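Enquirer: Model the structure of this input:
(4 chains)
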There are 2 protein chains.
Amino acid sequence: MANQHERDGAQTDAAPGGKATRPPSIIDVAAVANVSYQTVSRVLNGHPSVRPETRLAVLDAVEKLDYRPSNAARTLKTGRSRTLGVLVLDIADSDGLTSLYGIEHSARELGYFVGIGALDSIDRGSIQAAVGRLAEQSIAGLLIIAPIEAASDALSALPSSLPVVAIEGSSTSTVSSVGIDQAAGARVATEHLLTLGHKTVFHVGGPAEWMQTQDRLTGWRAALEAAGAEVPMSLPGDWTAQSGYEAGLLLSRMTDMTAVFAGNDQMALGLLLAFSERGLAVPGDVSVVGFDDGADAPYYNPPLTTVRQDFREVGRRAIELLVGKVEGGERAAQHVVVEPELIVRRSSASPR
Amino acid sequence: MANQHERDGAQTDAAPGGKATRPPSIIDVAAVANVSYQTVSRVLNGHPSVRPETRLAVLDAVEKLDYRPSNAARTLKTGRSRTLGVLVLDIADSDGLTSLYGIEHSARELGYFVGIGALDSIDRGSIQAAVGRLAEQSIAGLLIIAPIEAASDALSALPSSLPVVAIEGSSTSTVSSVGIDQAAGARVATEHLLTLGHKTVFHVGGPAEWMQTQDRLTGWRAALEAAGAEVPMSLPGDWTAQSGYEAGLLLSRMTDMTAVFAGNDQMALGLLLAFSERGLAVPGDVSVVGFDDGADAPYYNPPLTTVRQDFREVGRRAIELLVGKVEGGERAAQHVVVEPELIVRRSSASPR
DNA sequence: GGATCCAATGTGTACGTTCACACGATACAC
DNA sequence: GTGTATCGTGTGAACGTACACATTGGATCC
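Expert: Predicted coordinates for the structure are as follows:
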């Protein structure tokens, strides 16, 4: 690996051992293009009054030197960066991470860079610390994926100058949010089971502190009440397949249980296993509906009827909203709702 | 955008109703602490020769003003930032994203910030473009999660001054890598099935261009050959449960098929469904072993015997390696291997 | 006692960029 | 011909930080 420097004419205060040569600056470009650095700046920022001929010369020089503007310098001078901070709650819920793809993609399209920070826990202090770390990056806006009541709380304590959007945040909060209409999803899922002829529908929910837990509970109950069905007690889970399994063992001992709406796919998977072990056929003896439509849901045994959440879309919308705030200075809290979709597969059927 | 806000007022720290005042600088801190800005800098950077009393005064001022060093200014001055770029291949493989948590956590501990870039596709141009975007952030190092041959290829075309570590990259490449010993995992999985008494083990692999596909294939074949077992043709999959399902339909028509090693859990899930539909009992008629030990694997029906990959650990090690390169100037390619672990559950048993 | 050294702190400068202005041309009006 | 817009371009600052050096005061040395 005999690697050599290509250019050593420039002022390289190179350390011994052949450290990197300084990347080209706007001044280097100006020198090559035979203009002043300010003209280069104008070209790069799309300022109108530059002669086409000059612009071309500059662009040529940029190309030739493989020049890239220093984000650090721009940020320092302007005070605002084109970096968006994304705070994610460090929990095994990897589905939520899918929205990261939507987030990055949209951010990139709009010319923003995405930095991430993980949240160890959800207390106010932890969020403050994470935001503090992001603040050092002079982030232009903050996106938070932490669908917990406490998060919403801590968010309102942030400096009001920082645009913030929460994914799956409280829709009544003063911070803007983008989320899926959890209640509607739960309602549709429950109605689906009722329409099939089930007398009532049991529910396995998530942890109480999660936003979705409450919303899905509400939707489920609303559907039951609207149909005049009895509202059974809901079982508490924690999103894991294990908690679904345990709930399944419990439910399988109930005689009048023919349909269960699980708070997410993983818990539905646990239900499926529990019912199978107890000799209950799905959907013959009991119907199961999940929530999320994760990648595996179509291949559960049986394939799972569930409510699809378009995480990418949520990420996309969240960035659009956030960038709107950053650039437009929109201050009022907005709440964007993405509609979920019921995906009917083979885990739900009419009771026999 | 003609409405420029004039904020020429004095640098008031907390103007009670005021608009976005500039964040406090090192000079503001110095003023409050009654020292020069240089002394503040020394305190912040842990320079030894500062009187404890002075240090305390500075720290007090920092606290009081809620001062945060400007990453932009530091980056501009030093030329190196404390931002690490992470390039992820935009594919539904959300398990791999789990390593992001390990990555962020370790990076944070070492004082680094993590920026992400998604890769739309895996051609050289796409990677170059993504790296270019990250380069504008003056990233100190690059981590790439794209276990594809082509990635390794494109990586070697990067400027040699940028420290790079690949997750699950080729262990023969000139770029350093951290990965799980895929071949060992495959070997253990296959040996497990052979030890149970199966005559041979079928394999459903991943897409040819993925690194892991090749390695797992190699391990599987090595185990079979070492045991003197016949080596059946391996079926090609694409990591999705669907491809596993399709492979399962095919395999279920073979008479001598009693054990299958799937390239990942999702394909194993597809196998399970296919076998179930074909009336093949697992593990009664056929044993199935997966790879990954995703969150759901313990609750498949039956719970899946699989090979555990510790993604978080991989992320952690990758950051350690990368930061070592960044700070220590280590140039030689290193290849860190994390050992996987066989998790025996109920999907594998002796043939009857 | 003066010279020497070190600890503790302060003063300049540069990093690469953008912003506010100044400057020279050309153009058009009178 | 002089005045005044307008265009294209250049000059001088400044952003917040780290580094090289300069400057103190005091302790140690002989």
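Enquirer: Give me the average confidence score over the strand or helix carrying A:Arg187.
Expert: For A:Arg187, the host element (DSSP states H and E) is helix A:182-195. Averaged over helix A:182-195, pLDDT sits at 97.
Enquirer: so how far is chain B from the residue of the stretch 201-350 of chain A found nearest DNA strand C?
Expert: Nearest residue of the stretch 201-350 of chain A to DNA strand C (C-beta to the nearest atom of the strand) works out as A:Glu327 at 13.2 Å. Bear in mind the C-beta positions are built from the backbone N, C-alpha and C, glycine included. To chain B, A:Glu327 is 9 Å away according to C-beta to the nearest C-beta, to the nearest Å.
Enquirer: hang on, that residue in a strand?
Expert: No: counting by DSSP: H, G, I helix; E, B strand; the rest coil, A:Glu327 is not found in a strand; it is helix.
Enquirer: quick one: pLDDT of it?
Expert: The model reports A:Glu327 with a pLDDT of 87.
Enquirer: With A:Leu162 instead?
Expert: What the model reports for A:Leu162 is a pLDDT of 87.
Enquirer: element containing it?
Expert: Using DSSP H and E, A:Leu162 falls outside every helix and strand.
Enquirer: how many other residues sit next to it?
Expert: For A:Leu162, the neighbour count with other C-beta atoms under 10 Å in any protein chain shown is 17.
Enquirer: Let me see the contact set for it.
Expert: A:Val131, A:Ala135, A:Ile139, A:Gly141, A:Leu142 (C-beta atoms under 8 Å, 6 or more residues apart in numbering or on different chains).
Enquirer: again, but for A:Leu273
Expert: Taking C-beta under 8 Å, 6+ apart as the criterion, A:Leu273 is in contact with A:Ala241, A:Tyr245, A:Gly248, B:Tyr299, B:Tyr300, B:Asn301, B:Pro302, B:Pro303.
Enquirer: any idea which of these is closest to DNA strand D?
Expert: Within these, the smallest distance to DNA strand D is 47.3 Å, found for A:Ala241 (C-beta to the nearest atom of the strand).
Enquirer: Give the full set of residues in contact with that closest one.
Expert: A:Ala241 neighbours (C-beta under 8 Å, 6+ apart): A:Gln266, A:Met267, A:Leu269, A:Gly270, A:Leu273, B:Ala295, B:Asp296, B:Pro298, B:Tyr299.
Enquirer: mind running it again at 6 Å?
Expert: Neighbour list for A:Ala241: A:Gln266, A:Leu269, A:Gly270, B:Asp296, B:Tyr299 [criterion: C-beta atoms under 6 Å, 6 or more residues apart in numbering or on different chains].
Enquirer: Same question for A:Gln212.
Expert: Taking C-beta under 6 Å, 6+ apart, we find A:Gln212 in contact with A:Pro147, A:Gln182.
Enquirer: swap in A:Glu327?
Expert: Counted by C-beta under 6 Å, 6+ apart, A:Glu327 has zero contacts.
Enquirer: residue contacts, the closest residue to A:Arg308 other than its chain neighbours?
Expert: Closest residue to A:Arg308 in three dimensions, ignoring its sequence neighbours and counting by C-beta to C-beta, 6 or more residues apart in numbering or on different chains: A:Asp293, at 3.7 Å. By C-beta under 6 Å, 6+ apart, the residues touching A:Asp293 are A:Thr306, A:Arg308, A:Ile343.
Enquirer: Okay, and A:Lys64 sits in which element?
Expert: With DSSP H and E as the criterion, the answer for A:Lys64 is helix A:52-65.
Enquirer: Quick check: what element follows that helix along the chain?
Expert: The helix or strand immediately downstream of helix A:52-65 is helix A:71-78, counting by DSSP H and E.
Enquirer: ok, residues contacting the helix or strand following that following helix?
Expert: Downstream of helix A:71-78, the next assigned helix or strand under DSSP H and E is strand A:83-89. Applying C-beta under 6 Å, 6+ apart, the external contacts of strand A:83-89 come out as A:107, A:112-119, A:130, A:134, A:137, A:139, A:141-146.
Enquirer: Which of those fall in helices?
Expert: Among the contacts of strand A:83-89, the residues falling in helices (DSSP state H) are A:Ala107, A:Ala130, A:Leu134.
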